[in-house]
Every structure is written in C-alpha cells, then in structure tokens.
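K.L.:
only the shape, not the letters, is given here:
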C-alpha cells in the first residue's frame, strides 16, 4: 500500500546536525566571553597603572608638604 508518503527520516543525521549546532553555539559563547575578558583587561591595565601613578604622586606631594610644615616649625639655629 503506497500512498505517496515514503519519508525516510535520517535520525542519526538530524541528531548529528543538532549536536553540531549546539557545539557551535557553545563555542560562540566561549569566544564571546574570551573577547569580553580581553577587552576588559585592555581597559583595566592602563587604569590600574594610572591609579598607581596617582597614588605615588599623591604620597610624594604629601611627603613634601609634611617636610615643609616640619621645617616651618623647627627651631632655627
């Protein structure tokens, strides 16, 4: 009895395609995460250096101010 519905479903091919798609989506997420981490690190590194330089300069300025105040109050010989 043939009613024109001779459809052969390739389950192994379909499952293989689904697994391939899931793998590609997972790899895309990993690549996106890696790209985001690289981008953030590119901005954090200069910011950290600038913050360190600012703190060093601030400490030097504070030291100079304290030396000036100390010498102003020190007894003169």
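P.N.:
Cool, got the structure. What you see is a predicted model, and the numbers here were worked out from it, not measured in a lab. Residues are numbered from 1 along each chain as shown.
K.L.:
how far away is the residue nearest in space to the middle of the chain from residue 65?
P.N.:
Central residue of the chain (Cα atoms, centre = their mean): residue 37, 2.6 Å from the mean position. Residue 37 sits at a distance of 41 Å from residue 65 (criterion: Cβ to Cβ, to the nearest Å). C-beta: built from backbone N, CA, C; applies to glycine.
K.L.:
likewise residue 14?
P.N.:
Taking Cβ to Cβ, one finds residue 14 at 76 Å from residue 65.
K.L.:
and if you look at residue 73?
P.N.:
For residue 73, the distance to residue 65 equals 13 Å [Cβ to Cβ].
K.L.:
between the two, tell me which one has more neighbours.
P.N.:
Legend: neighbour count by other Cβ atoms under 10 Å for residue 73 and residue 65, higher for residue 65 (10 against 7).
K.L.:
who are the packing partners of the helix or strand encompassing that one?
P.N.:
Assigned by DSSP states H and E, residue 65 belongs to helix 11-73. Helix 11-73 is packed against no helix or strand, with contacts defined by 3 or more Cβ pairs under 8 Å, 6 or more residues apart in numbering; DSSP states H and E.
K.L.:
model confidence over stretch 46-64, on average?
P.N.:
For stretch 46-64, mean pLDDT is 95.
K.L.:
what do you get for stretch 25-40?
P.N.:
95.
K.L.:
run the chain-centre distance for it.
P.N.:
The chain centroid and the centroid of stretch 25-40 are separated by 9 Å under Cα atoms, centre = their mean, to the nearest Å.
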